[in-house]
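>>> sequence and predicted structure are below.
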Number of protein chains: 2
Amino acid sequence: MSQPTPDSTMFLEIINHFVPTVLQTMAGLGAVPGKGNAHAPQPSVLAGISGSIGLGGRVHGVVYTAFSPSLGQMVTEKIFGGAAGEQDVNDVVAELTNMFTGNLKSVLCDRGYNCSLTIPTVVRGDKITISAKSATISVNNSFAVEGHPDPLILHVFAVLQ
Amino acid sequence: MSQPTPDSTMFLEIINHFVPTVLQTMAGLGAVPGKGNAHAPQPSVLAGISGSIGLGGRVHGVVYTAFSPSLGQMVTEKIFGGAAGEQDVNDVVAELTNMFTGNLKSVLCDRGYNCSLTIPTVVRGDKITISAKSATISVNNSFAVEGHPDPLILHVFAVLQ
């Protein structure tokens, strides 16, 4: 049975499925997706600690996550089971971003859109404005994380070849 | 004749060659590489308008450029031959980053390290701190651009497979 071509709605469904799964598995924390936006306007304004990882191949794109400093701290301490420093928080943000993107890659690969991941980078800033003009897919959502008032934000930019 | 494996010094030589070439071709501007750092410490602190594009495949990595707002404006107006708005500057930063990275990709491919590019993103912020802990190659340099006091900065993070 042929699979449908991935579109914006499918990207949103994928992140809505995997973000809670990864957070539950890694940190034992529940996460509830917001309404989301399958056609998110650009630029996207993020703040705090943002993980980023690219996709190259039949899908070109980049996934950004954004954690407030205190959300990043809370999730990291939950995973570590104790106190965590700034570098620990960077590591956790990078690794969670890698896991979200790895799951997205795996689903895209199953649909015939093979791609490879770039290395994760972590960007910190008070106000980070991100745009990817060439992206035909621009999807974002915020996730309410158990035990913290600040949402986790995910933004995916992509072009299918 | 077998080619040497790309290393940090080679990455630095590649960017030192291609950044001036691209700037000369696109904007008619001379650019002189600084001393550079083939083992640049992390995190890297950038400011202003930063282009980013990833590499996936036998090379995993990401290239960041950073322009001060007035340097980005000057280069854009030189390319356009007239006034340019904020989106024009974003477009030029994205496209120049794409060309620097495309040339790097091409040289790496000639050495047997095939990789594909992700889409360019543009990040704006007053102080952007970037780290890529998993990178074994971390190279940066600043380039003195003709007619402007602010340098253009390039930072490449990579891992070879």
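Thanks, I have the structure now. These numbers were taken from a predicted model, which means no experiment stands behind them.
>>> show me which residues of chain A are close to chain B?
A:43, A:52-57, A:60-62, A:90-91, A:94, A:115-135, A:157-159 (Cβ under 8 Å from any Cβ of the partner chain). Just so you know, the C-beta spots here come from the backbone N, C-alpha and C atoms, and that holds for glycine as well.
>>> hmm, 6 Å instead?
When proximity is defined as Cβ under 6 Å from any Cβ of the partner chain, chain A approaches chain B at A:54-57, A:60-62, A:90, A:116-119, A:121-125, A:127-132, A:134-135, A:159.
>>> of the residues you listed, buried ones?
A:54-57, A:60-62, A:90, A:116-119, A:121-125, A:128-132, A:134-135, A:159 (16 or more other Cβ atoms under 10 Å in any protein chain shown).
>>> narrow these to those in helices?
A:Asn90 (DSSP state H).
>>> in stretch A:108-115, which residues are buried?
Going by neighbour count (16+ other Cβ under 10 Å), the buried part of stretch A:108-115 is A:Leu108, A:Arg111, A:Tyr113, A:Cys115.
>>> I'd like the distance between the first one and A:Asp7.
So that's A:Leu108. In this view, A:Leu108 and A:Asp7 are 12 Å apart by Cβ to Cβ, to the nearest Å.
>>> how about the second one?
Using Cβ to Cβ, A:Arg111 is found at 11 Å from A:Asp7.
>>> please name the nearest non-neighbouring residue to the closest residue to chain B within chain A.
When scored by Cβ to the nearest Cβ, chain A has A:Gly54 as its residue closest to chain B, at 2.8 Å. Spatial nearest neighbour of A:Gly54, chain neighbours left out: B:Gly54 (2.8 Å); criterion: Cβ to Cβ, 6 or more residues apart in numbering or on different chains.
>>> before we move on, back to that, could I get the contacting residues of the residue of chain A closest to chain B?
A:Val62, A:Thr118, B:Gly54, B:Thr118 (Cβ atoms under 6 Å, 6 or more residues apart in numbering or on different chains).
>>> show the pLDDT at the residue lying closest to the first one once chain neighbours are set aside.
On the basis of Cβ to Cβ, 6+ apart, the spatially nearest residue to A:Val62 that is not a chain neighbour turns out to be A:Gly54, at 4.6 Å. Predicted confidence (pLDDT) at A:Gly54: the value is 94.
>>> and if you look at A:Ser2?
pLDDT, A:Ser2: 62.
>>> got the buried residues for stretch A:31-44?
Neighbour-count burial for stretch A:31-44 [16+ other Cβ under 10 Å]: A:Ala31, A:Pro33, A:Gly36, A:Asn37, A:Ala38, A:Ala40, A:Gln42, A:Pro43, A:Ser44.
>>> hmm, the last one is touching A:Val156, no?
Going back to what we said before, that points to A:Ser44. No: counting by Cβ atoms under 6 Å, A:Ser44 sits too far from A:Val156 to count as a contact (10.2 Å).
>>> and stretch A:90-99, what's its mean pLDDT?
96.
>>> whoops, stretch A:15-24 was the one
The average of the pLDDT scores along stretch A:15-24 is 97.
>>> parallel or antiparallel, which strands does the lengthiest strand in chain A pair with?
Longest strand in chain A, counting residues (DSSP state E): strand A:44-57. According to DSSP bridges, strand A:44-57 has the following sheet partners: strand A:59-67 (antiparallel), strand A:115-117 (antiparallel), strand A:121-131 (antiparallel).
>>> mind putting those strands into CSV with distance to B:Gly147 and mean pLDDT?
Shown next, in CSV, are these (distance: least, Cβ to Cβ, whole Å; pLDDT from 0 to 100):
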stretch, distance to B:Gly147, mean pLDDT
strand A:59-67, 32, 95
strand A:115-117, 39, 91
strand A:121-131, 27, 90
